[in-house]
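**Student:** here is my input; please provide its structure:
(one chain, ligands or ions: 2)
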Amino acid sequence: RSTLKVALLPADGIGREVIPAARAALEALGSDLPKLEFVDLLAGFELFTRTGTALPEETINALREQDCALFGAVSSPSKRVAGYSSPIVALRKELDLYANIRPVLSVSKDPTQKPYVDLVVVRENTECLYVKQEVSEMGEHGRVAKATRLITERASTRIGKMACEIALQRPRKHVTIIHKSNVLSVTDGLFRETVRRVPSLPEVNGKYDSIQIGEQIVDSAVYRLFREPQIFDVMVAPNLYGDILSDAAAALVGSLGLVPSVNAGDTFVMGEPVHGSAPDIAGKSIANPLASIRSAALMLRHLGYGKQAGRIESAVDEVIRDGTVLTPDLGGNSKTEEVTAEVLKRI
Ligand code: NAD
Ligand code: MN
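**Tutor:** Ligands and ions are numbered 1, 2, ... in the order given. Presented below is the predicted three-dimensional model:
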């Protein structure tokens, strides 16, 4: 590659405050990366209220021309708004970004100490309740609402492979399947059995033989996550459980503003902080930019630029360890730009 084409989709709220930080971190790598070409693309609820569309056709088409993308966050109202549908959920499906990979890592004060939390949530990104097939009808005793929860062998197999692939690169090589198949024996049963079978599939050729596969029922997994997070390495989950588990895990490391993710498919990758648009703090320049910066690093790692990703990640770790320049969510009193500058200096 002589150039690296990166789409930027800040979208709503603090997405607009933290995506510039991720861009600056990429730029700070200088000649260690191919020439960077950024393109700004529109999406989001604010765009919808102005133009009537949350995800313009031009944005999708332009994305297909890029090597990768960084997404900020969208504000999706909790009440139904006619004609509106979350662009991030749509983008994941449109670009077939079937895996949402969310590493959660606590940085210990003492660099020789092992982190207290060091796990990766691998969330299936295209189905489960997020197929959004909901219907509401009038029943005998008032309204009745129903949703389809889709689990397929194909999607469960590929997310299982992704989880094994990630586990292979980690010292413990352990995968925990998160499910509720004691109650949902058909849907979660299919997820659980399919992921379990991945290492013995003929096409993987024994590649995952060194991986240990375990399982936890989702509610007890959350309990154990809070009591003994060290037992987890890679957690693989259907879409909704993965969404909830990763916010819960974020609480363990101090802030949602620290946890990055990538949405990955076979041909495209999009970095995205796990947090939302945070309307409660938007516009105040106090959003933590570290999740967004780490998402840029994770995106690079996924594209094969591991060394460059490591430079960004070490700089972020140093800033956290140093502890003097942090945003209020981590108990500091610095602004978004000050934290970003501190990271850039160390890159
Ligand atoms: P949120 O993640 O936006 O915020 C939850 C809490 O964490 C808030 O108190 C917020 O201030 C804090 N927080 C989040 N990111 C932070 C950061 N970088 N620095 C400091 N504090 C941070 O979740 P919410 O408030 O439930 O949702 C707000 C909006 O975001 C909703 O419209 C929701 O639909 C949307 N959302 C979007 C995404 C996405 O785009 N992928 C994900 C989650 C929520
Ligand atoms: Mn979420």
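
**Student:** count the neighbours of the nearest residue to residue 95 once chain neighbours are set aside for me.
**Tutor:** Excluding the flanking residues, the one nearest residue 95 by C-beta to C-beta, 6 or more residues apart in numbering is residue 268, at 5.2 Å. Any C-beta I mention is one placed from the backbone N, CA and C, and that applies to glycine too. For residue 268, the neighbour count with other C-beta atoms under 10 Å is 17.

**Student:** can you offset everything so residue one is 17?
**Tutor:** Fine by me, first position is 17 from now on; the one you just mentioned is residue 284.

**Student:** mind checking how far residue 284 is from ligand 1?
**Tutor:** Using C-beta to the nearest ligand atom, to the nearest Å, we find residue 284 at a distance of 17 Å from ligand 1.

**Student:** let me know the pLDDT of residue 221.
**Tutor:** Listed pLDDT for residue 221 reads 97.

**Student:** residues contacting it?
**Tutor:** By C-beta atoms under 8 Å, 6 or more residues apart in numbering, the contact list for residue 221 is empty.

**Student:** quick one: pLDDT of residue 102?
**Tutor:** 92.

**Student:** let me fix that, I meant to ask about residue 130.
**Tutor:** At residue 130, pLDDT is 81.

**Student:** and it, helix, strand or coil?
**Tutor:** Taken by DSSP: H, G, I helix; E, B strand; the rest coil, the conformation at residue 130 corresponds to coil.

**Student:** ok, it touching residue 124?
**Tutor:** Yes. In this structure residue 130 lies within contact range of residue 124 using C-beta atoms under 8 Å: 7.2 Å.

**Student:** looking at these two, which is more packed in?
**Tutor:** Higher neighbour count among residue 130 and residue 124: residue 124, with 15 against 9, using other C-beta under 10 Å.

**Student:** so what's the closest residue in space to that one that isn't next to it in sequence up against?
**Tutor:** Using C-beta to C-beta, 6+ apart and skipping the chain neighbours, the partner closest in space to residue 124 is residue 131 (5.5 Å). Contact analysis of residue 131 by C-beta under 8 Å, 6+ apart lists 121-124.

**Student:** quick check: ChimeraX command selecting the buried ones in these.
**Tutor:** In ChimeraX, this line selects whichever of the contacts of residue 131 come out buried by 16 or more other C-beta atoms under 10 Å:
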select :121,122,123
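
**Student:** any chance of the contacts of residue 131 in JSON lines, plus pLDDT?
**Tutor:** Shown next, in JSON lines, are these (pLDDT from 0 to 100):
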{"residue": "121", "pLDDT": "95"}
{"residue": "122", "pLDDT": "93"}
{"residue": "123", "pLDDT": "90"}
{"residue": "124", "pLDDT": "82"}
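
**Student:** and the contacts of residue 131, which of them are in strands?
**Tutor:** Applying DSSP state E to these, the entries found in strands are residue 121.

**Student:** and the furthest pair within the contacts of residue 131?
**Tutor:** Distance extremes for the contacts of residue 131: the farthest pair is 121 and 124 at 9.9 Å, using C-beta to C-beta.

**Student:** quick one, what contacts the residue nearest to residue 111?
**Tutor:** 79, 84-85, 111-113.

**Student:** which of those residues ranks first by neighbour count?
**Tutor:** The member of those surrounded by the most neighbours (other C-beta under 10 Å) is residue 85, with 26 neighbours in all.

**Student:** residues touching that one, list them.
**Tutor:** 22-25, 57, 79, 284-287.

**Student:** can you give me the pLDDT of the residue of the chain at minimum distance from ligand 1?
**Tutor:** Among all residues of the chain, residue 292 sits closest to ligand 1, at 2.4 Å; criterion: C-beta to the nearest ligand atom. Residue 292 is assigned 96 on the pLDDT scale.

**Student:** is it correct that it falls within a helix?
**Tutor:** No. Residue state for residue 292 (three-state DSSP) corresponds to coil; a helix is not indicated.

**Student:** distance check, the closest residue in space to it that isn't next to it in sequence against residue 234.
**Tutor:** Leaving aside its sequence neighbours, residue 292 sits nearest to residue 89 (C-beta to C-beta, 6+ apart; 4.9 Å). For residue 89, the distance to residue 234 (C-beta to C-beta, to the nearest Å) stands at 25 Å.

**Student:** and what of residue 67?
**Tutor:** 39 Å.

**Student:** how about the strands in the chain?
**Tutor:** 19-27, 51-56, 84-89, 115-121, 134-140, 150-155, 158-163, 190-195, 228-233, 250-253, 278-280, 285-287.

**Student:** quick one: strands adjacent to the last one?
**Tutor:** Meaning strand 285-287. Sheet pairing for strand 285-287, assigned by DSSP bridges, gives strand 84-89 (parallel), strand 278-280 (antiparallel).

**Student:** which of residue 89 and residue 234 has more residues huddled nearby?
**Tutor:** Shown here are residue 89 and residue 234; by other C-beta under 10 Å, residue 89 has more neighbours (29 against 22).

**Student:** and that one, what does it touch?
**Tutor:** 27-31, 104, 288-289, 291-294.

**Student:** next one: residue 58
**Tutor:** Counting by C-beta under 8 Å, 6+ apart, residue 58 touches 25, 72, 74-75.

**Student:** let's see 10 Å
**Tutor:** For residue 58, the contact set (C-beta atoms under 10 Å, 6 or more residues apart in numbering) comprises 25-27, 66-67, 69-72, 74-75, 78, 103.

**Student:** what subset of those is buried?
**Tutor:** Among these, those classed as buried by neighbour count (16+ other C-beta under 10 Å) are 25-27, 69-72, 75, 78, 103.

**Student:** if anything else comes up later, I'll come back, but that's it for now.
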